[in-house]
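Novice: Pasting the sequence and the predicted coordinates here, then a few questions.
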Amino acid sequence: MSLNRRDFLGRTAALATTTSLIPMAALATSDSIKLGSILDSSGPFDAYGKPMDQAMRLAVSEINAAGGLLGRMIDVTAYDTQSDMALYSQYGQQLTRQDKVDVVHGGILSASREAIRQTMRKSKTLYFYNVLYEGGVCDRNIFINGVTPAQQVEALVPYAMKNSGKKVYILAADYNYGQITARWIQKFVAENGGEVVGTDFFPLDVSDFGSTIAKVQTAAPDLVIAPLVGGAHLSFFRQWAAAGMKDKIALASTTLGVGNEHKVLTAAEGNGIMCAYNYSQELDTPENAAFKEKWAAMYDGDQSMHEIAVSHYHGIMTWAEGVRQAGSLKRDAIIDALETGISIMGPGGKVTVDPKTHHAVLDVHLMEMRDQQMKVIETLPQRQPVDTQAVCDLSANPDDNTQYEIEI
Amino acid sequence: MDLGFVIFIEMLYAVASLVLISAGLAVVFGMMKVINLAHGEFMMLGGYATITAVGLGVNVFVAMLVIAPLIVGLIGLIVERLVIRHLYGRLVDTMLATWGLSLVFIGLATMIFGNTTTGISTPIPGFTVGNYQINGYNFFIIVVAIVLVIAMLAVLKGTRAGLIARGTMQRADMAAALGYSPDRIYMATFFCGAALSGLAGAVLAPLVGLVPTSGGAYIAKAFITVIAGGPSLIAGLISSATSFGLVSQIFTFTISPVIGEVALLVAAVILLRLMPQGITGRFFKGKL
């Protein structure tokens, strides 16, 4: 390789700039803790993302008001991915390489989580995914505190079948969440002595369900379970009600209400739909009352908190507790601290880190929509993520990096 | 029997919605030869016009059938005066200009209405056919599509204005020699095309969740329907909407909605391979 004078000068200059950057970067991190946020705060998924962003800012302002973590303030670096999966990889790289954040909280759809999970793992950036999902992710670098199918579907299916009947039709979103959740539903329906008479998948931009509603009727199920996702799929619930199906066939969903859809639908469209989540605004606990008050105070009386916004809040509080107990911002120290089984009390109840799977042990509430509210019918306390526990053991196998899928 | 009727209605509905989606483009592209890539955005604006008007307390049918077409027609008029009229006869240039317009409309709608899904409930209740329930709104869409086709036929064939418009589209110089102003006629025709797009967007709005980028979902279907229809305006529109509507619904019912969409595209490719001039390039020749 030959080296001329111009090359030499160029490289020396580049070297000089990079070395001079290092102390500056170190200085910046010693000032504040950098929390990276990556959420769809606009576009078809903004009903999920906007309140998540609000929850994140609320959690951070609470922590900062109490003196920060390790005597340092938290500084938020937030990116809006505009409901575009391609932007996740781009901003994920930016957060880890350019902003060099200490932790990343975010991702909504499972597709978006998988788009950035490996980036976080490779750059050894601690990653929290705080959304209910299809389960099975086994990766020591990620912590997940949304409900999984064993916590949610296992509770919802027998409850919904008891209120309707044995024949079930599944309408699911056509990507990994919908596909895997549909298989879990099939499993639990079979275990409860029922029968799945049909399963259909819909791409996220499908908004015309007319022929599907006719097709469902030909199968004449007792119950429709709908893990549908996003703004376009919301029209299913409208068209279902518009066709007058509401009083004929019972309807349950694993996602409706997660983005406060029950407030977008009219009471007539939503009444009677069954679901099971970790959080409802109607939960009658002192933690929830205090949380709603703080939210209203910060956002001018707004009350848009929902299931995954609260999960997100739990996730940030869990991370903060991990940092406090670790007494350090080093990734491995925080992971070790979290793996001692840290618990926090949040608006959705007690949330405990499960050391084996990095998932969460939490309360699940069976609910029914009534007059644009989610009435809590029954609470199932402290449910384990048994689906992921069956396949994932990070204490025995810390290098695992797989999303396990259920087989039927 | 009941099922047969339900499927028949769903098919009619699929055909009707294709006719609605494509009618505005059939006028602008089929008649005027302007490749309007902002067609989907005209529809999106029609949807927003409806939702805004309903929010202001206007009766939903007035909002859909009167206000939305008028507003979108006026927007079309402004666009025609400012941009399109300089580009008649320059096919590729209109494509580029209208694509830019579509980006502008998406940006403006995002600024005004926000990038959030909005919608209104369907104003017509469902009803029962034997053991089945049907969305009553489907009938409304079918009726609107039928009335629309009859009205277009009546105007183009039965009135002097329609005759002049058709003549001008064929030979603008001859029309000018006979004392008509092609400039005015083009302007009026574009207004009608835009208004039709606005009407379609308005009528379909209660069925979908509307976002500023919603137009993208319609544009491909609209162009496929108009191109496969061929040179005759109305005969082409009906024949291609019918073929595609039937194909997509048959596959939707027998397999799945995804395969239904795929089948529509495959059918379009095969159809254009067999009949490059469109359906009316071979059948119904010389019909309007």
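Specialist: Received the coordinates, thanks. Computed from a prediction, not measured in an experiment: that's the story for all the values here.
Novice: ok, and the closest non-adjacent residue to A:D371?
Specialist: A:A267 (4.8 Å; C-beta to C-beta, 6 or more residues apart in numbering or on different chains). Using the backbone N, CA and C atoms, a C-beta is placed for each residue, glycine as well.
Novice: Make sure the one you found is actually in contact with A:K246.
Specialist: No - counting by C-beta atoms under 8 Å, A:A267 sits too far from A:K246 to count as a contact (11.2 Å).
Novice: of the two, who's got more company?
Specialist: A:K246 (20 against 12; other C-beta atoms under 10 Å in any protein chain shown).
Novice: got the contact list for residue 121?
Specialist: In the absence of a named chain, chain A is used. A:Y127, A:D139, A:N141, A:I142, A:N401 (C-beta atoms under 8 Å, 6 or more residues apart in numbering or on different chains).
Novice: should've been chain B
Specialist: A:R238, A:A242, A:T266, A:E269, B:P206.
Novice: ranges for the helices of the chain?
Specialist: This is for chain A. In chain A, the helices defined using DSSP state H lie at A:5-31, A:46-65, A:85-93, A:110-122, A:149-163, A:176-191, A:210-219, A:231-242, A:261-264, A:267-270, A:286-298, A:307-326, A:331-338, A:386-391.
Novice: I was thinking of chain B, sorry if that wasn't clear
Specialist: B:2-25, B:39-55, B:60-62, B:68-82, B:91-113, B:136-153, B:160-170, B:172-177, B:182-204, B:216-229, B:233-254, B:257-274, B:279-282.
Novice: Include mean neighbour count, mean pLDDT and distance to A:R113 when you put these into CSV, please.
Specialist: Listed next are the helices of chain B as CSV, based on neighbours: other C-beta atoms under 10 Å in any protein chain shown; pLDDT from 0 to 100; distance: least, C-beta to C-beta, whole Å:
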stretch, mean neighbour count, mean pLDDT, distance to A:R113
helix B:2-25, 22, 90, 35
helix B:39-55, 26, 95, 30
helix B:60-62, 16, 94, 40
helix B:68-82, 21, 96, 40
helix B:91-113, 16, 93, 26
helix B:136-153, 18, 93, 37
helix B:160-170, 16, 92, 54
helix B:172-177, 14, 92, 58
helix B:182-204, 24, 95, 33
helix B:216-229, 22, 92, 26
helix B:233-254, 22, 92, 31
helix B:257-274, 16, 91, 23
helix B:279-282, 19, 89, 47
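Novice: Chain A - how does it break down into domains?
Specialist: For chain A, automatic domain parsing gives the domain ranges A:26-147+A:284-363+A:382-403, A:150-277.
Novice: Return the mean pLDDT over the last one, rounded to an integer.
Specialist: What it means is domain A:150-277. The predicted model gives domain A:150-277 an average pLDDT of 90.
Novice: first vs last residue of that domain, how far apart are they?
Specialist: Length of domain A:150-277, first residue to last, C-alpha to C-alpha, to the nearest Å: 12 Å.
Novice: what does the stretch 201-350 of chain A put close to chain B?
Specialist: A:201-203, A:205-208, A:210-215, A:217-218, A:220, A:231-232, A:234-235, A:238-239, A:241-245, A:248, A:264, A:266, A:269 (C-beta under 8 Å from any C-beta of the partner chain).
Novice: repeat that for 7 Å
Specialist: Within the stretch 201-350 of chain A, the positions adjacent to chain B are A:201-203, A:205-208, A:210-212, A:214-215, A:217-218, A:231-232, A:234-235, A:238-239, A:242-245, A:248, A:266, A:269 by C-beta under 7 Å from any C-beta of the partner chain.
Novice: Give me the distance between the nearest residue in space to A:M85 that is not next to it in sequence and A:D302.
Specialist: Leaving aside its sequence neighbours, A:M85 sits nearest to A:A111 (C-beta to C-beta, 6+ apart; 5.4 Å). For A:A111, the distance to A:D302 equals 29 Å [C-beta to C-beta, to the nearest Å].
Novice: more crowded one of these two?
Specialist: More crowded of A:A111 and A:D302, by other C-beta under 10 Å: A:A111, with 15 against 12.
Novice: quick one, what contacts that one?
Specialist: With contacts taken as C-beta atoms under 7 Å, 6 or more residues apart in numbering or on different chains, A:A111 has the following neighbours: A:M85, A:Y175, A:N176.
Novice: With A:C275 instead?
Specialist: A:L156, A:A252, A:S253, A:T254, A:L256, A:G257, A:M367.
Novice: List the beta-bridge partners for it.
Specialist: Judged by DSSP bridges, the bridge partners of A:C275 are A:M367.
Novice: Return the residues of chain B in contact with chain A.
Specialist: Counting by C-beta under 7 Å from any C-beta, chain B sits next to chain A at B:3, B:6-7, B:10, B:13, B:115-117, B:121-122, B:125-128, B:132-135, B:137-138, B:207-209, B:211, B:217, B:249, B:252-253, B:256-258.
Novice: Quick one: neighbours of the closest residue to A:H306 other than its chain neighbours, just the number.
Specialist: Using C-beta to C-beta, 6+ apart and skipping the chain neighbours, the partner closest in space to A:H306 is A:N260 (4.5 Å). A:N260 has 21 neighbouring residues, counting by other C-beta under 10 Å.
Novice: looking at it, A:N260 is touching A:M305, isn't it?
Specialist: No - using C-beta atoms under 7 Å as the test, A:N260 is too far from A:M305 to be in contact (8.2 Å).
Novice: The residue nearest to A:D371 and A:I273 touch, don't they?
Specialist: No - contact between A:A267 and A:I273 fails when scored by C-beta under 7 Å: they sit 11.2 Å apart.
Novice: Tell me the residues on the stretch 51-200 of chain A that lie near chain B, please.
Specialist: A:D174, A:D200.
Novice: Swap in 10 Å and give it another go.
Specialist: A:D80, A:Q82, A:S83, A:L171, A:D174, A:T199, A:D200 (C-beta under 10 Å from any C-beta of the partner chain).
Novice: Farthest-apart pair in these, please.
Specialist: Greatest spacing in these, by C-beta to C-beta: A:D80 and A:T199 (33.8 Å).
Novice: Please indicate which of the contacts of A:R121 are buried?
Specialist: Buried positions within the contacts of A:R121, assessed by neighbour count (16 or more other C-beta atoms under 10 Å in any protein chain shown), are A:Y127, A:D139, A:N141, A:I142.
Novice: Of these, just say which sits nearest to B:A23.
Specialist: Nearest to B:A23 out of the buried ones among the contacts of A:R121 is A:Y127 (C-beta to C-beta; 49.9 Å).
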